[in-house]
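*Asks:* can you look at this prediction? I've put the sequence above it.
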Amino acid sequence: MEGGAGGSVTCGSWIRRPENVNLVVLGRSMTRPSSSSSSSSAIEIFSFDPETTSLSSSPLARHELEESDGDPITIAVHPSGDDFVCSTNNGGCKLFELCGQETNLKLFAKELPPLQDAGPQKCLAFSVDGSRFATGGVDGHLRILEWPSLHIILDEVRAHKSFRDMDFSLDSEVLASTSTDGSARIWKTEDGVPLMTLARNSDEKIELCRFSKDGTKPFLFCTVQKGDKAVTAVYDISTWNKIGHKRLLRKPASIMSISLDGKYLALGSKDGDICVVEVKKMEISHWSKRLHLGTSIASLEFCPGQRVVLTTSSQWGALVTKLNVPADWKEWQIYMLLFGLFLASAVAFYIFFGNSDSFWNFPPAREQQTRPKIDSFLGDAQSDDPNMWNAFGPLDM
């Protein structure tokens, strides 16, 4: 899906609906000529077809922004899939709610009082559990709010010179943020207390950040630029010490993303390439070179239920790409495997039981020896045999 006459795509994200349907929301910037008939920027919702790995040709729902709002610059979707927040370059942030099914989808815009006049926000992020929402402004202003009450946890005007990136940890207790000046800070989301600033050399710039999401590796991944050398560094979040780095994309990255299950990490370059890394091995599993030829990738996000990524750029619009990675086990395949193992165990037990001399494998009744009568053991009660009791010895009367 290219920009074309409909305006250029500025941002995008997946929406995981409660009915297990994956949708895509795109922010579109319209070129406004001086004529009074100029069209407005818009928010559009598209359906996704997993069979063809494509988006619908026309939007399921559309909302035109006010001219005073300007163009959408970033979008964050709540984990529930029922609403999302969009920031614009002239106004503040707007809340959008989705109602109805895919065939009859409605999009409603609402105001966010704490963020209505916040100015352009470079970063928007919901916590993994959906209980907190954070914004990082172009002016370096950080806000952390409870969701959906919008109670302000932190309102830090000088958190950074200007925000570059941010991400919540898997347990939603920690927020990492990076600045355009190359610094990175860690914040507690419960009370907004700053924990620390990540250590770096004077010639290093920490640019992008993502927490591990697989539940077993408590790491923070950061892209670090040192001159013309770009690496991906790994920090242990128990100590916040850097434990290693690796050259993956081998060029400056514009965007980074991690899959919901934490198995894959993706990097998008400033000239249109993407690479997908298997986190367990830290090795590249997929390359898409010149995907957005000559254009910086603005959005990069994994599909919630498929090994597919969504990318956007101002020149090439929105693209969905199927990854060349090993297929995941489906739920029905797991059940079939368990059933097969159970069936094999039952057959093996039957064969073993039929050919064993088990204690419980009694011979047929006709082959059993006749049980001796109790009288033959005790003898005849009327017997006059004098030696009958001698076996027990004399009795002490």
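*Replies:* That came through fine.

*Asks:* contacts only, for Ser314.
*Replies:* When contacts are counted by Cβ atoms under 8 Å, 6 or more residues apart in numbering, Ser314 touches 3, 8-10, 29, 295, 298. Backbone N, C-alpha and C define where each C-beta goes, glycine included.

*Asks:* can you lay out the residues you listed as TSV showing distance to Ile73?
*Replies:* Below are these laid out as TSV (distance: Cβ to Cβ, whole Å):
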residue	distance to Ile73
Gly3	15
Ser8	12
Val9	12
Thr10	6
Ser29	9
Thr295	16
Ala298	9
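
*Asks:* of those residues, which belong to strands?
*Replies:* The members of the contacts of Ser314 that map onto strands under DSSP state E are 8-10, 29.

*Asks:* which of these has the most neighbours?
*Replies:* With neighbours taken as other Cβ atoms under 10 Å, the top of these is Val9, carrying 27 neighbours.

*Asks:* who is that residue paired with across the strands?
*Replies:* Applying DSSP bridges to Val9 gives these bridge partners: Arg28.

*Asks:* from now on call the first residue 59
*Replies:* Yes, from this point I'll number from 59; that puts the last item at Val67.

*Asks:* now do the contacts for it.
*Replies:* Counting by Cβ under 8 Å, 6+ apart, Val67 touches 59, 61, 84-87, 356, 370-372, 375-376.

*Asks:* which of those residues are buried, as a ChimeraX select command?
*Replies:* Of the contacts of Val67, the buried ones can be selected in ChimeraX as follows, counting by 16 or more other Cβ atoms under 10 Å:
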select :59,61,84,85,86,87,356,370,371,375,376
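
*Asks:* could you find the lowest-pLDDT member of the contacts of Val67?
*Replies:* Lowest-confidence member of the contacts of Val67: Gly61, scoring 43 (pLDDT).

*Asks:* show me the two of the contacts of Ser372 that sit farthest apart.
*Replies:* Farthest apart among the contacts of Ser372 by Cβ to Cβ are Ser87 and Thr353. That separation is 14.2 Å.

*Asks:* I'd say Gln159 and Glu77 touch.
*Replies:* Yes. Under the criterion of Cβ atoms under 8 Å, Gln159 makes contact with Glu77 at 7.0 Å.

*Asks:* which residue of the two possesses the greater neighbour count?
*Replies:* The neighbour count for Gln159 versus Glu77, taken as other Cβ under 10 Å, is higher for Gln159 (11 against 8).

*Asks:* phi, psi for that one please.
*Replies:* Torsion angles at Gln159 (phi, psi; degrees, to the nearest 10) stand at phi -90, psi 180.

*Asks:* check contacts around it.
*Replies:* Going by Cβ under 8 Å, 6+ apart, Gln159 touches Glu77.

*Asks:* repeat that for Ala324.
*Replies:* Here Ala324 is in contact with 314-317, 332-335, 358, 360, 367 (criterion: Cβ under 8 Å, 6+ apart).

*Asks:* how much space between it and Asp331?
*Replies:* Ala324 is 11 Å from Asp331, where distance means Cβ to Cβ, to the nearest Å.

*Asks:* cool, and Gln364?
*Replies:* Distance from Gln364 to Asp331, by Cβ to Cβ: 21 Å.

*Asks:* nearest spatial neighbour of Asp331, skipping sequence neighbours?
*Replies:* Once flanking residues are discounted, Asp331 sits nearest to Lys347: 5.0 Å by Cβ to Cβ, 6 or more residues apart in numbering.

*Asks:* how far away is the one you found from Met88?
*Replies:* Note on Lys347: its distance to Met88, by Cβ to Cβ, is 31 Å.

*Asks:* the more surrounded of the two?
*Replies:* Met88 (18 against 11).

*Asks:* that one touches Ser97, doesn't it?
*Replies:* Yes. Between Met88 and Ser97 there is a contact under Cβ under 8 Å: 4.7 Å.

*Asks:* give me the common contacts of these two.
*Replies:* With Cβ under 8 Å, 6+ apart as the test, Met88 and Ser97 both reach Gly65.

*Asks:* next secondary structure after whichever strand or helix holds Asp223?
*Replies:* If you go by DSSP states H and E, Asp223 is part of strand 221-226. Going down the chain from strand 221-226, the next helix or strand is strand 232-237, by DSSP H and E.

*Asks:* secondary structure element for Pro206?
*Replies:* Using DSSP H and E, Pro206 sits in no helix or strand.

*Asks:* distance of it relative to Val366?
*Replies:* Using Cβ to Cβ, we find Pro206 at a distance of 29 Å from Val366.

*Asks:* can you pick out the residue with more neighbours from the two?
*Replies:* Ranked by neighbour count (other Cβ under 10 Å), Pro206 and Val366 place Val366 first, with 18 against 13.

*Asks:* my read is that that one contacts Val378, right?
*Replies:* Yes. Look at Val366 against Val378 with Cβ under 8 Å: they come within range, at 5.6 Å.

*Asks:* need the residues touching each of the two.
*Replies:* Shared contacts of Val366 and Val378 (Cβ under 8 Å, 6+ apart): Thr111.

*Asks:* that older thread, neighbour count winner among Gln364 and Asp331?
*Replies:* For Gln364 versus Asp331, the count of surrounding residues by other Cβ under 10 Å is larger for Asp331: 20 against 16.

*Asks:* who's in contact with that one?
*Replies:* Contact partners of Asp331, counting by Cβ under 8 Å, 6+ apart, are 307, 309, 345-349.

*Asks:* among those residues, name the buried ones.
*Replies:* 307, 309, 346, 349.

*Asks:* out of those, which sit inside helices?
*Replies:* Secondary structure from DSSP state H places none of these in helices.

*Asks:* between those residues, which is nearest Glu169?
*Replies:* The closest of the buried ones among the contacts of Asp331 to Glu169 turns out to be Leu349 (Cβ to Cβ; 36.5 Å).

*Asks:* the closest one against Ala376, yeah?
*Replies:* No. At 11.6 Å, Leu349 does not count as touching Ala376 under the criterion of Cβ under 8 Å.

*Asks:* mutual contacts of the two, please.
*Replies:* Residues touching both Leu349 and Ala376 by Cβ under 8 Å, 6+ apart: Thr369.

*Asks:* which non-adjacent residue is nearest Ile101?
*Replies:* Excluding the flanking residues, the one nearest Ile101 by Cβ to Cβ, 6+ apart is His121, at 4.7 Å.
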